[in-house]
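In: Next come a sequence and a model predicted from it.
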Amino acid sequence: MGKSNVVDELQMREEQMSLLAIESAEEEKKDTTYVVFKLVDTKKKGRVYLDNEADVFNAATNKPERMRLLVGVDSLWLKEQKDVTPEYARSNRPKLVFENRFLSIPSYDLNTLEFLRKNNNCVDNPKRRPGGRSDYFEWNPAKQEEEALKKEMEEIEVMQLAMDQPMEKVLKHAQFLGVSFVNEMGEKKTDSGIRTEYIIKAKRLPKLFKESLGSKRVEVNWMVKKAILDSKIDLGRQPGQAHFAAGGFITQIPPARKALEYLVEFAMTETAEGRDFLKKLQDHTT
């Protein structure tokens, strides 16, 4: 075999090996799954860069510590990167770039995923310190659709509960939830109008609605407010004090506290004074 033939054969083999390497890389890319993160701010466009250092809560030590993500370094915690030189740190900073609000990380890159999930900018992090300029969340369409459906079903449930309540309960609970019983002209609303707003409140505040429905706090709130409106509780006799109009000191109201809110809390305390106030309140409002 001539020299030129040998060279040609070697070149052909090199080309074949290159093609196989490219095909293998393409196949590997197809098989790789990605975890996607998405910026909360819908107005941001183009590229948004995330720093590779962050002060976050470390669950292992139960205190704030600094993370630093570096290529080729196993630990995220700066205190455990003592052997890393400044030159290495500068040369091995990973690029964390959101392109048009999205950042995709291979699922095998566990260090980067941990860094992003523990970051204060990640709204899914329960230990985060809010207020970041580049807040993001882990994008999972299936999970988000499931959560959206759950939210929708919860809203339907509480709206149905609101429609089924007798009017006596509606009035007490609606007042607790902040429904006004008069319109913008100062005219008293009809029962139908109050119930409509009650149903809307249930839809907007499903958690509070369910937690407070039929609770003692709602009943006490109703009694205290009714006593104030009926002038059975006097809040003007002495500044910062509450008295029964018929006579009798109730309690001192701390500065910066709303009288209604504080009196409801006072009536629900398991103290002798609180129980006595609640009993007198019941007597005054029945």
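Out: Perfect, I can see it now. Residues are numbered from 1 along each chain as shown.

In: from the middle of its chain, how far away would the helix or strand containing V158 be?
Out: Following DSSP states H and E, one finds V158 within helix 141-164. Distance of helix 141-164 from its chain centroid, counting by C-alpha atoms, centre = their mean, to the nearest Å, is 17 Å.

In: how far out from the middle of the chain is the next helix-or-strand element following that helix?
Out: Next helix or strand after helix 141-164 toward the C-terminus (DSSP H and E): helix 167-177. A distance of 28 Å separates the centroid of the chain from that of helix 167-177, by C-alpha atoms, centre = their mean.

In: Identify the residues contacting helix 167-177?
Out: 162, 165, 181, 191, 194-195, 197-198, 201, 205, 208-209, 212-214, 217-219, 221-222, 225 (C-beta atoms under 8 Å, 6 or more residues apart in numbering). All C-beta spots, glycine's among them, are computed from the backbone N, C-alpha and C.

In: among those, which are in helices?
Out: Those of the contacts of helix 167-177 mapping onto helices are 162, 191, 194-195, 197-198, 201, 208-209, 212, 217-219, 221-222, 225, per DSSP state H.

In: helices and strands around the helix holding V158, which ones?
Out: Here helix 141-164 touches helix 191-204, helix 206-212, going by 3 or more C-beta pairs under 8 Å, 6 or more residues apart in numbering; DSSP states H and E.

In: ranges for the strands of this protein?
Out: For the chain, applying DSSP state E gives strands covering 34-39, 47-49, 53-58, 63-68, 97-99, 102-106, 136-139, 233-234, 241-244, 249-252.

In: deepest of these, which one?
Out: strand 233-234 (a mean of 22; mean count of other C-beta atoms under 10 Å).

In: List the contacts of that strand.
Out: Against strand 233-234 from outside (C-beta under 8 Å, 6+ apart): 224, 227, 242-245, 250, 263, 284.

In: Repeat the analysis, applying 7 Å as the threshold.
Out: 227, 242-245 (C-beta atoms under 7 Å, 6 or more residues apart in numbering).

In: which one of those sits closest to E152?
Out: A227 (39.6 Å; C-beta to C-beta).

In: how far away is I194 from P64?
Out: 48 Å (C-beta to C-beta, to the nearest Å).

In: And for D41, the neighbour number?
Out: Number of residues near D41 (other C-beta atoms under 10 Å) recorded here: 14.

In: And K258, by the same measure?
Out: 9.

In: need the contact list for it.
Out: By C-beta under 7 Å, 6+ apart, K258 has no neighbours at all.

In: oh, and call the first residue 439 from now on, that's how I've got it
Out: In the new numbering, first residue 439, that becomes K696.

In: any idea how far the residue nearest to A683 when sequence neighbours are not counted lies from F687?
Out: Counting by C-beta to C-beta, 6 or more residues apart in numbering, the nearest residue to A683 once its immediate chain neighbours are dropped is D672, at 4.7 Å. For D672, the distance to F687 (C-beta to C-beta) stands at 10 Å.

In: residues shared between the contacts of these two?
Out: Common neighbours of D672 and F687 (C-beta under 7 Å, 6+ apart) are H681.

In: Retrieve the pLDDT associated with G685.
Out: For G685, the pLDDT comes out at 85.

In: Just give the number of residues close to it.
Out: 7.

In: Tell me the backbone dihedrals of it, please.
Out: phi 120, psi 140 (degrees, to the nearest 10).
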